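Chemist: my questions concern the predicted model and sequence given below.
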Amino acid sequence: MVGMTKKKTAFWVAVFLLPNLIGFFTFIVFPLLSSLAISFTNWDLISTMEFVGIDNYKQLMVDKEFWAAFTHTVTFIVGYLPLVMIFGLACALLLNRKVKLRTFFRAAYFLPVVTSWVAVSLVWKWLFNPSYGLINYFLSFVGIEGLNWLQDESLAMPAIIITSVWKDIGFVMVLFLGGLQNISTSYYEAADIDGANSWKKFWNITLPLLTPTTFFVTIISLINSFQVFDQVMIMTEGGPGGATNVLVQNIYNHAFRYFEMGYASAMSWILFIVIFVITLIQMKLQKRWAD
Amino acid sequence: MGMNTVTKHSTVLQKDYQLTSFRIFKKGLLYIVLILGAIAMLLPFLWMISTSLKNQGATMVFPPQFFPDHATFQNYKDVTGAFPMLHFLGNSLLVAILTTFGQLLLSSMAAYAFARMQFWGRDKLFLFYLATMMVPAQVTMIPQFILMKNFGWLDTYQALIVPGLFGVFGTFLLRQAFLSIPKELEEAAFMDGANHFSIFWRVIMPLSKPTLATLGIFSFMQSWNNYLWPLIVINDKSFATLPLGLSLLQGRWETNWNMMMAGVVISVLPILAVYLFAQKYFIQGMTMSGMKE
């Protein structure tokens, strides 16, 4: 920094930082604060905004539709999370070995991850077609016939879960592969000398040493799945009969179909609080690991 | 004694033989599982392509046909002729490319300021940037929509591009990359009278190419696949990007799965092409961010 005056430094800081800073405050910080403010009002975008204090939040606590949406989201997570974790880990373990065509397999498993949710949802909607879909065709071999997947209240959520697991296996796999590569081979060499079999090695070495990754993947997937929306919107729009109406679908409906900006904002803050708590737990536990 | 050695020897051999055959069996099982997995992952894509080449009648047969009797490109012609699928493709390209390059430039400049300049409150401001990363998009989405409305930006390209330029994640990632570059390189350049801009452009940026590529690919994919934001700010079909266009296609030809799949193929091919050429960067981007879209 030889020969630079303070004024000159200030000039350069402004040149480099201001474009981003202005956008950051306009499109992130200001909306964040306004969202909180709007959640204390009733506003349909046309008539004047009416301040209602915490009424929206009070109403939410007794809003059956909102709690149903919350329950549906949790149902989604309970089905989706264990499946995607187990399959993702299994793929990572298989592909962490020396196998032929490893690049091909990894690319194949990862393909759905780069494809858009809308495209994937449309393809699966077609696969789940009751009359001409491939899934019912395959099921007919084992004597199961005529499932009405997306039009059936008890099957629509499982269909969305299956689609989501299929799409995200590759994502979880890649995160686990990263974790597996961090485990030093010396542990396995020592276990080989002791004559441990692969099952024992998995339980006593791989799984314990993989815990930080498993934890990270769980948290990330949990946060992502609380925000599940695209596949629901395309495949069922929350139906049939509201059976797949998840939190974000509910927020979207109230904001952009019924124009209840205040009420929808309050819902989005409940979602934020849930995600915030998950993040806090993550930070706490991660510190414990670091110690 | 002699007998004994022979028996012992043969049991060892037998054990060895059993062990190898067990290994071969395990290897075989591994490949069977891998191949079944690959089929499960690829079949929906193949089915999508197969359907897109059928006429409508051929989609409505049971049992389904994997290889259509009369393969035709008619669906592609219809979807690009009677429906503006190519226009959506153009919109998606425009939006994704401008968003990606804009974000790379804005993030790297801010990252340079955070990594290489001294100013009051720098670290606190950066922490504040980081803190906003955990805010879900659904929280800021409603005020952002109102902002677009007040700017008169609903149904414009600006609405699709500008708010997407300020991803905090990019600033974070590039700051990390810049911090790992040794300072000696620039100090010499400063001695020679170079200013911040030339150091940023001639020293820091070229040395950060891998991170820039990772972030670039990642932003491109995020923008290409984004559905919720265009759904909110675009009503006029002529500004629709591909994901939104596909949902419009669904509204128009709800039961014509052959047409729908042709549209899906058009939307998927470009991103798959980018993926096949730059696999490494896709995977890096996701691993670092823990984000999918």
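Modeler: Done, it's in.
Chemist: separation between the residue nearest to residue A:114 when sequence neighbours are not counted and residue B:37?
Modeler: Distances taken as CB to CB, 6 or more residues apart in numbering or on different chains put residue B:275 closest to residue A:114, at 4.6 Å, once the chain neighbours are dropped. Every residue, glycine included, has its C-beta placed from N, CA and C. Distance, residue B:275 to residue B:37, by CB to CB, to the nearest Å: 19 Å.
Chemist: helix or strand for the residue nearest to residue A:114, which one?
Modeler: helix B:257-277 (DSSP states H and E).
Chemist: ok now that helix, how far from the chain's centre?
Modeler: Helix B:257-277 sits 13 Å away from the centroid of its parent chain (CA atoms, centre = their mean, to the nearest Å).
Chemist: can I get it in CSV? Just the C-alpha atoms.
Modeler: Presented in CSV, the C-alpha positions along helix B:257-277 are these (Å, rounded to 0.1, in the frame of the first residue of the first chain):
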residue,chain,number,x,y,z
TRP,B,257,-47.7,-36.5,-22.9
ASN,B,258,-45.8,-36.8,-26.2
MET,B,259,-45.8,-33.0,-26.6
MET,B,260,-45.0,-32.4,-23.0
MET,B,261,-42.0,-34.7,-23.1
ALA,B,262,-40.7,-33.0,-26.3
GLY,B,263,-40.8,-29.7,-24.4
VAL,B,264,-39.1,-31.3,-21.4
VAL,B,265,-36.3,-32.7,-23.6
ILE,B,266,-35.7,-29.2,-25.1
SER,B,267,-35.4,-27.7,-21.6
VAL,B,268,-33.2,-30.4,-20.3
LEU,B,269,-30.7,-30.8,-23.1
PRO,B,270,-28.7,-27.6,-22.8
ILE,B,271,-28.1,-28.0,-19.0
LEU,B,272,-27.1,-31.7,-19.6
ALA,B,273,-24.6,-30.6,-22.2
VAL,B,274,-23.1,-28.1,-19.9
TYR,B,275,-23.0,-30.7,-17.2
LEU,B,276,-21.2,-33.3,-19.3
PHE,B,277,-18.5,-30.8,-20.2
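Chemist: and it, which residues are buried?
Modeler: B:257-268, B:270-271, B:274-275 (16 or more other CB atoms under 10 Å in any protein chain shown).
Chemist: quick one, what contacts the residue nearest the centre of chain B?
Modeler: Chain B has residue B:221 as the residue nearest its centroid, 3.4 Å off, counting by CA atoms, centre = their mean. Contacts for residue B:221 were tallied using CB atoms under 8 Å, 6 or more residues apart in numbering or on different chains; they are A:114, B:271, B:274, B:282, B:285, B:293.
Chemist: was I right to think the fourth one contacts residue A:114?
Modeler: Translated: residue B:282. Yes - shown here, residue B:282 and residue A:114 form a contact pair, counting by CB atoms under 8 Å, at 6.1 Å.
Chemist: so, low pLDDT: which residues of the stretch 101-250 of chain B?
Modeler: Within the stretch 101-250 of chain B, no range satisfies pLDDT under 70.
Chemist: run through who's touching stretch A:14-28.
Modeler: Looking at stretch A:14-28 with CB under 8 Å, 6+ apart, the contacting residues turn out to be B:106-107, B:109-110, B:112-114, B:117, B:119, B:129, B:132, B:135, B:140, B:144, B:147, B:162-163, B:165-166, B:168, B:171, B:196-197, B:200.
Chemist: buried subset of those as a PyMOL selection?
Modeler: In PyMOL, this line selects whichever of these come out buried by 16+ other CB under 10 Å:
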select buried, chain B and resi 106+107+109+110+112+113+114+117+129+135+140+144+147+162+163+165+166+168+171+196+200
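Chemist: among the contacts of stretch A:14-28, which are in helices?
Modeler: Per DSSP state H, helices hold the following members of these: B:106-107, B:109-110, B:112-114, B:129, B:140, B:144, B:147, B:168, B:171, B:196-197.
Chemist: follow-up on the earlier one: identify, from the contacts of residue B:221, the entry nearest to residue A:278.
Modeler: residue B:293 (18.6 Å; CB to CB).
Chemist: let me know the pLDDT of the closest one.
Modeler: Looking at residue B:293, its pLDDT stands at 48.
Chemist: how about the helix or strand harbouring residue B:280 and chain A, any contact?
Modeler: Element membership for residue B:280 (DSSP H and E) is helix B:279-289. Yes - residues of helix B:279-289 are located near chain A by CB under 8 Å from any CB of the partner chain, namely B:279, B:282-283, B:286-287.
Chemist: what number of residues lie near residue A:225?
Modeler: Neighbour count for residue A:225, taken as other CB atoms under 10 Å in any protein chain shown: 21.
Chemist: which SS state does residue B:158 fall under?
Modeler: Following DSSP: H, G, I helix; E, B strand; the rest coil, residue B:158 is assigned to helix.
Chemist: list the contacts for it?
Modeler: residue B:151.
Chemist: what's the answer for residue A:201, then?
Modeler: A:188, A:191.
Chemist: give me phi/psi at it?
Modeler: Main-chain dihedrals, residue A:201, degrees, to the nearest 10: phi -60, psi -40.
Chemist: do the same with residue A:42
Modeler: Dihedral angles (degrees, to the nearest 10) for residue A:42: phi -110, psi 130.
Chemist: from chain B, how far off is it?
Modeler: Per CB to the nearest CB, to the nearest Å, residue A:42 is found 14 Å from chain B.
Chemist: now residue A:218
Modeler: For residue A:218 relative to chain B (CB to the nearest CB), the value is 11 Å.
Chemist: neighbours of that residue, just the number please.
Modeler: 16.
Chemist: mind checking the pLDDT average for the host helix or strand of residue A:109?
Modeler: Counting by DSSP H and E, the element that carries residue A:109 is helix A:102-114. Helix A:102-114 shows a mean pLDDT of 90.
Chemist: what does that helix contact?
Modeler: A:91, A:94-95, A:99, A:120, A:166-171, A:173-174, A:177, B:34, B:37-38, B:41-42, B:44-45, B:221, B:271-272, B:275-276, B:279, B:282-283, B:286, B:292.
Chemist: could you turn the buried ones of these into a PyMOL selection?
Modeler: Filtering the contacts of helix A:102-114 down to the buried ones (16+ other CB under 10 Å) takes a single PyMOL command:
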select buried, (chain A and resi 91+94+95+120+166+167+168+169+170+171+173+174+177) or (chain B and resi 34+37+38+41+44+45+221+271+275+279+282+283+286+292)
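Chemist: counting only strands, which of the contacts of helix A:102-114 make the cut?
Modeler: Per DSSP state E, strands hold no members of those.
Chemist: how is chain B carved up into domains?
Modeler: Taking automatic domain parsing as the domain assignment, the ranges for chain B are B:2-52, B:74-289.
Chemist: so of the ones you listed, which one's packed in deepest?
Modeler: Across the domains of chain B, averaging neighbours per residue (mean count of other CB atoms under 10 Å in any protein chain shown) puts domain B:74-289 on top, at a mean of 19.
Chemist: which ones are touching residue B:236?
Modeler: residue B:155.
Chemist: distance of it relative to residue B:210?
Modeler: Counting by CB to CB - residue B:236 and residue B:210 are separated by 39 Å.
Chemist: equivalent analysis for residue A:46, please.
Modeler: From residue A:46 to residue B:210 the distance is 50 Å (CB to CB).
Chemist: which residues touch the residue nearest to residue A:245 when sequence neighbours are not counted?
Modeler: Using CB to CB, 6+ apart and skipping residues adjacent in sequence, the residue nearest residue A:245 is residue A:238, 3.6 Å away. Going by CB under 8 Å, 6+ apart, residue A:238 touches A:232, A:244-246, A:249-250, A:253.
Chemist: re earlier: find residues that contact each of residue B:282 and residue A:114.
Modeler: B:221, B:275.
Chemist: by contact count, what packs against the helix holding residue B:275?
Modeler: Under the contact criterion of 3 or more CB pairs under 8 Å, 6 or more residues apart in numbering or on different chains; DSSP states H and E, helix B:257-277 touches helix A:102-114, helix A:117-127, helix B:2-52, helix B:56-59, helix B:74-81, helix B:85-116, helix B:209-225, helix B:242-252.
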